[in-house]
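Participant: With the sequence up front, the predicted model follows.
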Amino acid sequence: MNTTLIVPGLHGSGPDHWQTWLERQLPDCIRVMQSDWSDPDLPAWSAKLRRELSRAPGRVYVVAHSFGCLAAVQAAFDYRENIDGLMLVAPADPGASARRALRRRRQHQRSVDIVPPRAGVVGVLGR
């Protein structure tokens, strides 16, 4: 038995995407689902793929796109004995992903303004 793991990129490869088409063509195909398709969290995405790799029976093929390629490469390193084929299409720029994460962290830090304590108020969120 062969298993093909589909690893979409940002936004999960919708109904008209080539990965969705491929998934319908292949038997024993599993889409690796993410908790939040709009949040490129590499450790979380790689962990989801690792979980599927640990469960997959037989020969395993991984088909990844965009940010999913980064997760696939990271997970494949740990499961290289389990993977018979790895197809990476249009890999995301890992530097861009790191810069996006840094911008999000900075935006979050700016959204919390500490004000002097008065009447129990220690900060204002979401300005």
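Facilitator: On my side now, so go ahead.
Participant: And the strands in this protein?
Facilitator: For the chain, strands defined by DSSP state E occupy the ranges 2-7, 29-31, 59-65, 83-89, 112-118, 121-125.
Participant: and stretch 63-71, how far from the chain's centre?
Facilitator: In this view, stretch 63-71 has its centroid 8 Å away from the chain centroid, taken as C-alpha atoms, centre = their mean, to the nearest Å.
Participant: List the buried residues of that stretch.
Facilitator: The neighbour-count check on stretch 63-71 (16 or more other C-beta atoms under 10 Å) flags 63, 64, 65, 66, 67, 68, 69, 70, 71 as buried. (C-beta placed from N, C-alpha, C; glycine too.)
Participant: For it, output the C-alpha coordinates as CSV.
Facilitator: Provided in CSV are the C-alpha atoms of stretch 63-71 (Å, rounded to 0.1, in the frame of the first residue of the first chain):
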residue,chain,number,x,y,z
VAL,A,63,3.6,16.4,-2.4
ALA,A,64,4.1,19.8,-1.0
HIS,A,65,3.5,23.4,-2.3
SER,A,66,4.7,26.8,-1.2
PHE,A,67,5.0,27.1,2.6
GLY,A,68,4.1,23.4,2.8
CYS,A,69,7.5,22.7,1.1
LEU,A,70,9.3,24.2,4.1
ALA,A,71,7.3,22.0,6.5
